[in-house]
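Participant: sequence and predicted model, in that order:
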Amino acid sequence: MFKILSLDGGGIRGAFTAAVLAEIESRLDRPIGDYFDLVAGTSTGGLIATAVASGLSASKIVDFYQQDGPAVFAPRPPFKPEKRARRLAMPAGRFVVEKAVGVSLDDVFQTKYPSHPLVDAVSRVFGDLLLGDITKCRLVIPAVDVTVGRTVVFKTPHLPNLTRDRHYRVSDVLLATTAAPTYFPHAMLNGHGAVVDGGLWANNPSLVAYTEAMKIRECAQRECDPSFDSSQIEILSIGTGEPRYSLDPPGDHAGIGWWGPRVFDVASISQSQGVSFQLQYLLDNRYTRVNFDLPDESWTLDSMKHLPSLFHKGRTAAHDQLAELLDRFFSREAPDYVPFDDCTLRSSARTHS
């Protein structure tokens with residue numbers, strides 16, 4: 001059997017995911033990461049997935065959301081335009097702009113939140129850890145490289161000839177996958193290359209993880225590599241809220257002003273739903289989804305007021321499915337993976353020999 005843990009993006013709603021894992025882990029003798037062969041996470045799910053793959057306890061992840069969430073989602077000061085645009089900052093100007101565009105003047109000219117509180121929080125947890133240093137569990141993290149215009153999946157060195165990602169700092173990768181457009185500034189990798197939230201294309205990374213598992217199977221070439229077929233892949237997928245509401249665009253007036261504040265949430269939630277439908281079709285009962293209903297539109301990815309409820313909903317959801325989850329995913333531990341060597345080092349050694 002090849003077991004996958006897949007964690008959706010969703011901002012502060014990742015507190016639900018953290019609580020689900022903490023509730024399960026409270027019934028186990030070992031950290032969650034000891035039970036999975038591959039962990040995938042996007043955006044806030046990428047942060048949790050990295051912690052799990054690194055061997056951190058789920059209770060510490062809960063603490064992270066509780067202690068650092070308020071600082072990470074503390075709004076920027078009001079926008080201060082240059083002198084020639086100073087009139088826009090006047091109350092009347094702000095009212096006109098908001099009426100015309102549909103969003104506040106501050107959100108037109110700057111991201112809702114600065115990056116430094118998240119930088120500080122992530123760096124405090126992971127320090128200078130590199131992706132290549134993670135050997136407890138294989139890890140994949142989707143993002144988007146907008147500089148070259150393509151999707152990207154950051155990976156631990158669990159496949160042959162992976163030469164780039166192993167040298168990236170974990171904290172830099174996490175700042176990239178959590179850089180939700182309009183919410184946080186884009187991230188820079190190695191000082192160049194703008195990278196943003198993987199939720200733009202893989203908010204539910206389960207299909208990314210399934211594809212990666214098939215590649216791992218195909219590339220198995222050592223005695224320590226896992227041997228399995230597609231019928232032995234099991235996925236535990238944890239969401240960050242299923243919407244009950246529907247939107248009612250105002251006809252011809254649904255321009256960028258109306259869609260701007262909504263499009264990221266609509267795209268990421270729709271992608272999560274679509275992937276779940278596909279994997280339920282492909283895997284049937286080998287795809288297990290844990291999620292909750294979003295009561296209304298106020299449960300946005302930055303709604304801190306719902307943090308206590310998110311923890312409660314997570315613990316409840318885990319409790320409700322506990323017997324099935326323990327039997328399917330936690331009856332035995334998964335072996336630590338053995339990283340592949342960096343082929344560039346082998347080439348260098350041959351050059352100097």
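Facilitator: Sure thing, it's come through. Residues are numbered from 1 along each chain as shown.

Participant: Arg30 belongs to a strand?
Facilitator: No. Arg30 is assigned coil when assessed by DSSP: H, G, I helix; E, B strand; the rest coil, not a strand.

Participant: ramachandran angles for Arg150?
Facilitator: Here is the backbone geometry of Arg150 (degrees, to the nearest 10): phi -160, psi 160.

Participant: what are the bridge partners for it, then?
Facilitator: Asp145 (DSSP bridges).

Participant: and Ser325, how many neighbours?
Facilitator: Small correction: residue 325 is Leu, not Ser. If you count neighbours by other C-beta atoms under 10 Å, Leu325 ends up with 18. Quick note: C-beta positions are derived from backbone N, CA and C, even for glycine.

Participant: Pro77 now?
Facilitator: 8.

Participant: how would you label it: helix, strand or coil?
Facilitator: Relying on three-state DSSP, one would call Pro77 coil.

Participant: for Glu297, same thing?
Facilitator: When the rule is three-state DSSP, Glu297 gets the label coil.

Participant: from Leu207, how far out is it?
Facilitator: Separation of Glu297 from Leu207 (C-beta to C-beta, to the nearest Å) stands at 27 Å.

Participant: okay, the two: which has more neighbours?
Facilitator: Counted by other C-beta under 10 Å, Glu297 and Leu207 do not tie: Leu207 has more neighbours, with 20 against 13.

Participant: any idea how far Tyr183 is from the more buried one?
Facilitator: 24 Å.

Participant: what's the distance between Arg169 and Ser231?
Facilitator: Counting by C-beta to C-beta, the gap from Arg169 to Ser231 is 38 Å.

Participant: so between the two, which is more surrounded?
Facilitator: Arg169 (19 against 8).

Participant: show me the contacts for that one.
Facilitator: Shown in contact with Arg169 (C-beta atoms under 8 Å, 6 or more residues apart in numbering): Phe126, Asp128, Leu129, Leu130, Leu131.

Participant: same thing but 7 Å
Facilitator: Asp128, Leu130 (C-beta atoms under 7 Å, 6 or more residues apart in numbering).

Participant: for the record, mean pLDDT for the one helix or strand Val173 maps to?
Facilitator: Under the criterion of DSSP states H and E, Val173 resides in helix 170-177. Across helix 170-177, the average pLDDT comes to 96.

Participant: and that helix, how far from the chain's centre?
Facilitator: Relative to the mean C-alpha coordinate of its chain, helix 170-177 is positioned 10 Å out (C-alpha atoms, centre = their mean, to the nearest Å).

Participant: quick check: buried residues in it?
Facilitator: By 16 or more other C-beta atoms under 10 Å, the buried positions in helix 170-177 come out as Val170, Ser171, Asp172, Val173, Leu174, Leu175, Ala176, Thr177.
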